[in-house]
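Colleague: model the structure of this input:
(one chain, ligands or ions: 1)
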Amino acid sequence: MPASAHSVAPLAASAPAKDRAATDRVGADRRDLLPRLQRLLSRGRVFTSPAQLAGYASDALGYKSYPPDAVVIPADAAELVEFMRGARDLGLPVMLRGAGTSLSGGPVAAQGGVIVHTSSLRHIREINRDGFWCEVESGVALNDLDAALKPLGMFYPPDPSSGPVCTLGGNVASNAGGAHCFRYGVTSHYVLGVEVVLLDGTVHRFGGPAGGRGRWREDWRRFMVGSEGTLGAFTRFWLRLLPLPEKVWTLRATYPDLRSIEAAIHALVAHPSFPAAIEMLDPRGVAMVEGSRMAAGLPRGSFMLLTEIDGPAALVDARVAAVSDILRRAGSDDVAFSDEEETRRRLWKARKAAGGLLGQLSPDFVVQDAVIPKGALAEILQLVYDEADAAGILAVNIFHAGDGNLHPNFVFNSRVPGELEKVERIGERLMRRVIAVGGTLSGEHGIGNDKAAYMPLVYGPDSMRLQWAVPAAFNPRHQLNPLKVFGERRFTG
Ligand SMILES: Cc1cc2nc3c(=O)[nH]c(=O)nc-3n(C[C@H](O)[C@H](O)[C@H](O)COP(=O)(O)OP(=O)(O)OC[C@H]3O[C@@H](n4cnc5c(N)ncnc54)[C@H](O)[C@@H]3O)c2cc1C
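Modeller: Numbering: from 1, shown residues only. A predicted model of the protein is given here:
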């Protein structure tokens, strides 16, 4: 049955995430952990009571819970260095955490251990207007950087929808993307330099505003970006900035079915106006937004495409009619566009809030993050709906369509016996098909522990051996974020 024929499930009250005890925990002597940690950090920066640890047991995926043994919040980078120097001897895994908005089970204590929360590293140290770069600490929230840049006529393009809270540390560690990455590219395109503390307490700077010249010789940024907390603790970044575009038009169009919205996406991708973003919400996603405080007056019952062109005013003003024609010719009889700040803001708020609203439908959800060749879009989306329907699970699709970066959200209740297993079976079948059509496991959320089991579906033993060698070189006992990215990457104490 096509998705457009579905009604959206009624809103249900949220319930606490299900606790799943990690079977792989490293044994910790908790009695002497507190004093040992207190020796490494200043007063009030170590937390071990169950109430204090509860908020750190999962990430935004929620339904898997891995209580840590302790949480530490270093006061500044110097204290983080002290902690890392002592951490090696703790005999426990160490996980870095920004805002915990990961959707892949990234910053969780899958083997137990100590979570290092970077919330005190929040300084924007420099915005260099001549060089178009900034120097920021790793715990700066993405939207705080945007707010500081906007009055200066600059912006930092990667824009994950979690921007109000997610940190630049989490963004760099997971190579975050976002709506505007279709044209502007992802985090790795903007990281000029990284300061990282290794597990022996040594501090290294790779790259930098001068592109790795001078004292900072090793250009190992590429190893660092996307390393998911397995190589070291990031303390600082140097990021490339761009001038704000002079003018922006945001367009939205609705479509009756998957085939016509797919045609619109292909036409937009090929058009010389080169949109900055091409996003899609399915009818359930639209209904969810319209049933919330984020309602933006979107027509219900259709697939919605959101796109944007930006650049010199004369150029984009001349092109907006051609872009709206493309949207109509693909089969939409409802195209609207605006260059008015408030209308545009409401549309983007609706789109970006959609993922966060899923928690209102049911206690749990899983979001896949597969990337597919765009030609397979309608086929794979139909597979998502068919598989979910057959299992009696609700599927909602809200994603970065221009990049072919799918986000099928499976909404379920892990307290209902068998539901989680059904979702996991759908996830595996979906991933196998994604790979068969030439796609891959993650576009922006990372592998974490949620998708680690799928890695051998994409990579053969030789590739896995080489990839594994990278964290092993930096961190031979895999003490940093074990059981992430590679399912067998265990800390053995
Ligand atoms: C509603 C919602 C919408 C989202 N939309 C998007 C989107 O559009 N695009 C996108 O890419 N993602 C999106 N995400 C996923 C998530 O927000 C991103 O992955 C983000 O980059 C995570 O940042 P964080 O600060 O929350 O990191 P965390 O979740 O705390 O950690 C993520 C990973 O980074 C590592 N890490 C964190 N800080 C450091 C550090 N200082 N040093 C070393 N490693 C570190 C952690 O160990 C972990 O592996 C969304 C999530 C939600 C909940």
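
Colleague: now whichever residue of the chain sits closest to the ligand: how far from residue 448?
Modeller: With C-beta to the nearest ligand atom, the shortest gap between the chain and the ligand falls at residue 170, namely 2.0 Å. Glycine gets a C-beta too; all of them are placed from N, C-alpha and C. Shown here: residue 170 relative to residue 448, a distance of 11 Å by C-beta to C-beta, to the nearest Å.

Colleague: quick revisit: if I read this right, the residue of the chain closest to the ligand contacts residue 98, doesn't it?
Modeller: Yes. Residue 170 is within contact range of residue 98, at 3.5 Å (criterion: C-beta atoms under 8 Å).

Colleague: near the ligand, which residues of the stretch 101-250 of the chain are found?
Modeller: When proximity is defined by C-beta under 6 Å from any ligand atom, the stretch 101-250 of the chain lies next to the ligand at 101-103, 106-107, 118, 138, 160-162, 166-167, 169-171, 173-174, 176-178, 228-229, 233-234.

Colleague: quick one, which of those residues are buried?
Modeller: When those are checked for burial by 16 or more other C-beta atoms under 10 Å, the buried set is 101-103, 106-107, 118, 138, 160-162, 166-167, 169-171, 173-174, 176-178, 228-229, 233-234.

Colleague: so how far is residue 68 from residue 90?
Modeller: Separation of residue 90 from residue 68 (C-beta to C-beta): 12 Å.

Colleague: of these two, give the one with the bigger neighbour count.
Modeller: Neighbour totals were compared for residue 90 and residue 68, and residue 68 leads with 27 against 21 (other C-beta atoms under 10 Å).

Colleague: give me phi/psi at that one?
Modeller: Main-chain torsions, residue 68, degrees, to the nearest 10: phi -80, psi 170.

Colleague: what's near enough to touch it?
Modeller: Applying C-beta atoms under 8 Å, 6 or more residues apart in numbering to residue 68 gives the contacts 53, 56, 57, 95, 109, 112, 113, 114, 115.

Colleague: for the residue lying closest to residue 165 once chain neighbours are set aside, give its distance to residue 181.
Modeller: Nearest non-adjacent residue to residue 165, counting by C-beta to C-beta, 6 or more residues apart in numbering: residue 99, 4.4 Å away. Distance from residue 99 to residue 181, counting by C-beta to C-beta: 19 Å.

Colleague: quick one, what contacts the closest residue to residue 312 other than its chain neighbours?
Modeller: Spatial nearest neighbour of residue 312, chain neighbours left out: residue 246 (5.4 Å); criterion: C-beta to C-beta, 6+ apart. Residue 246 is in contact with 311, 312, 313, counting by C-beta under 8 Å, 6+ apart.

Colleague: for the second one, give me its contacts.
Modeller: In other words, residue 312. Contacts of residue 312 (C-beta under 8 Å, 6+ apart): 245, 246, 247.

Colleague: how many neighbours does the residue lying closest to the first one once chain neighbours are set aside have?
Modeller: Taking C-beta to C-beta, 6+ apart, and ignoring the residues beside it in sequence, residue 245 has residue 310 as its nearest neighbour in space, at 3.8 Å. For residue 310, the neighbour count with other C-beta under 10 Å is 23.

Colleague: adjust the sequence numbering to begin at 5 for everything that follows.
Modeller: Sure, I'll start numbering at 5, so the last one becomes residue 314.

Colleague: partner strands of the helix or strand where residue 314 lies and their direction?
Modeller: For residue 314, the host element (DSSP states H and E) is strand 307-315. Strand 307-315 has its sheet partners listed here by DSSP bridges as strand 251-259 (antiparallel), strand 281-285 (antiparallel).

Colleague: who's the residue nearest to residue 67 when sequence neighbours are not counted bridged to?
Modeller: Counting by C-beta to C-beta, 6+ apart, residue 67 lies nearest to residue 368, which is 4.0 Å off, once chain neighbours are set aside. Beta-bridge pairing of residue 368 under DSSP bridges involves residue 416.

Colleague: how many neighbours does residue 368 have?
Modeller: 25.

Colleague: surely it is in contact with residue 415?
Modeller: Yes. Shown here, residue 368 and residue 415 form a contact pair, counting by C-beta under 8 Å, at 7.5 Å.

Colleague: in stretch 141-161, which residues are buried?
Modeller: For stretch 141-161, the neighbour count (16+ other C-beta under 10 Å) marks 141-146, 148-150, 152-153, 158-161 as buried.

Colleague: how about the CA coordinates for it, as PDB?
Modeller: Taking Å, rounded to 0.1, in the frame of the first residue of the first chain, the C-alpha atoms of stretch 141-161 are listed here in PDB:
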ATOM      1  CA  GLU A 141      36.100  24.900  21.800                       C
ATOM      2  CA  SER A 142      34.600  21.500  21.200                       C
ATOM      3  CA  GLY A 143      31.600  22.000  23.500                       C
ATOM      4  CA  VAL A 144      30.200  25.000  21.700                       C
ATOM      5  CA  ALA A 145      26.700  24.400  20.500                       C
ATOM      6  CA  LEU A 146      26.300  24.700  16.800                       C
ATOM      7  CA  ASN A 147      23.600  27.400  16.800                       C
ATOM      8  CA  ASP A 148      25.600  29.500  19.300                       C
ATOM      9  CA  LEU A 149      28.300  29.700  16.700                       C
ATOM     10  CA  ASP A 150      25.700  30.600  14.000                       C
ATOM     11  CA  ALA A 151      24.300  33.400  16.200                       C
ATOM     12  CA  ALA A 152      27.800  34.800  16.700                       C
ATOM     13  CA  LEU A 153      28.600  34.700  13.000                       C
ATOM     14  CA  LYS A 154      25.400  36.100  11.600                       C
ATOM     15  CA  PRO A 155      25.900  39.800  12.700                       C
ATOM     16  CA  LEU A 156      29.300  39.600  11.000                       C
ATOM     17  CA  GLY A 157      27.800  38.500   7.700                       C
ATOM     18  CA  MET A 158      29.300  35.000   7.900                       C
ATOM     19  CA  PHE A 159      28.100  31.500   8.400                       C
ATOM     20  CA  TYR A 160      29.300  27.900   9.100                       C
ATOM     21  CA  PRO A 161      27.300  25.800   6.600                       C
END
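
Colleague: so what's the gap between stretch 485-497 and the chain middle?
Modeller: Here stretch 485-497 is found 21 Å from its chain centre; the criterion is C-alpha atoms, centre = their mean, to the nearest Å.

Colleague: buried residues of it, list them for me.
Modeller: 485, 486, 487, 488, 489, 490, 493, 494, 495.

Colleague: roughly how far apart are the spatially most central residue of the chain and residue 427?
Modeller: Centroid-nearest residue in the chain, with C-alpha atoms, centre = their mean: residue 449, separated by 3.8 Å. Going from residue 449 to residue 427 by C-beta to C-beta gives 16 Å.
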